[in-house]
Structures are given as C-alpha cells and as structure tokens.
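In: got a structure for you, letters missing:
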C-alpha cells in the first residue's frame, strides 16, 4: 500500500522512496528510464510482462506526465484496465486495487 506521498517522494509499506517509482508484482523500485515527461512502450514493458488486471499511472501532482497513444492502445488491446490520473487519485485507485486482492502494476511520477 502507498502510505503517503509528498512532492518528490512516496512512502510504500512504511519505506520511503525518493523520485519516480514503479510497482510490479508488489515490488517497488525506482523508475529511472523515463525521458522527459512522456511514457513510452519501453517504460511499461515490465508492467505488461507481469500480466496485471490493471495498470495505474500517476501523472504527477499537476498531471504533467503524458502517455503516448500507442501505449494506451497496447494496454487496452491486451484487455488490461488502465487508470491514468494525478497522483492523489492514482494512489487511491492503486490502494483500492491492492486491498481488493486484484493484481495491479503502477508507475508514479514524483513531482510535477
């Protein structure tokens, strides 16, 4: 569960992470392969490989992170639900997904 988020950091299961994060198979790690404010297919390959029911994308506090249309098409083409919103809403959706014992994968942009 994501316990807290402040500009630039996340607290997940009691542990603080600075910067952008990925959550795949309930494992949290720093998300370092992002270029600019655009999500590409390369950024989500590991999420897709985990076969989640849902992919949640937190686009930052102001929602500036964008997703290429082809990425959306690929996710939906695999019949994976996709939730994209600013961090507070995306965190709520991620926590709901996990608390319902559904398999979710996520990307969160820590700042803007």
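Out: All right, it came through fine. Since this is a predicted model, take the numbers as computed values, not measurements. Numbering: from 1, shown residues only.
In: Strands of this protein, start to end?
Out: 2-6, 9-12, 15-18, 21-24, 27-30, 38-39, 54-58, 66-67, 81-85, 104-108 (DSSP state E).
In: Reformat those as CSV; add mean pLDDT, distance to residue 74 and mean neighbour count.
Out: Quick note: C-beta positions are derived from backbone N, CA and C, even for glycine. Converted to CSV, the strands of the chain look like this (pLDDT from 0 to 100; distance: least, CB to CB, whole Å; neighbours: other CB atoms under 10 Å):
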stretch, mean pLDDT, distance to residue 74, mean neighbour count
strand 2-6, 97, 25, 15
strand 9-12, 98, 26, 18
strand 15-18, 97, 27, 12
strand 21-24, 97, 16, 21
strand 27-30, 95, 22, 12
strand 38-39, 92, 11, 17
strand 54-58, 97, 10, 25
strand 66-67, 94, 11, 16
strand 81-85, 97, 10, 16
strand 104-108, 97, 14, 25
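In: now for these, which one comes closest to residue 46?
Out: Taking CB to CB, strand 21-24 is the member of the strands of the chain nearest to residue 46, at 5.4 Å.
In: partners of that closest one in the sheet?
Out: strand 27-30 (antiparallel), strand 104-108 (antiparallel) (DSSP bridges).
In: okay, the angle between the longest one and strand 54-58?
Out: Relative orientation of strand 104-108 versus strand 54-58 (axes from the mean of the first three to the mean of the last three CA atoms, to 10 degrees): 10 degrees.
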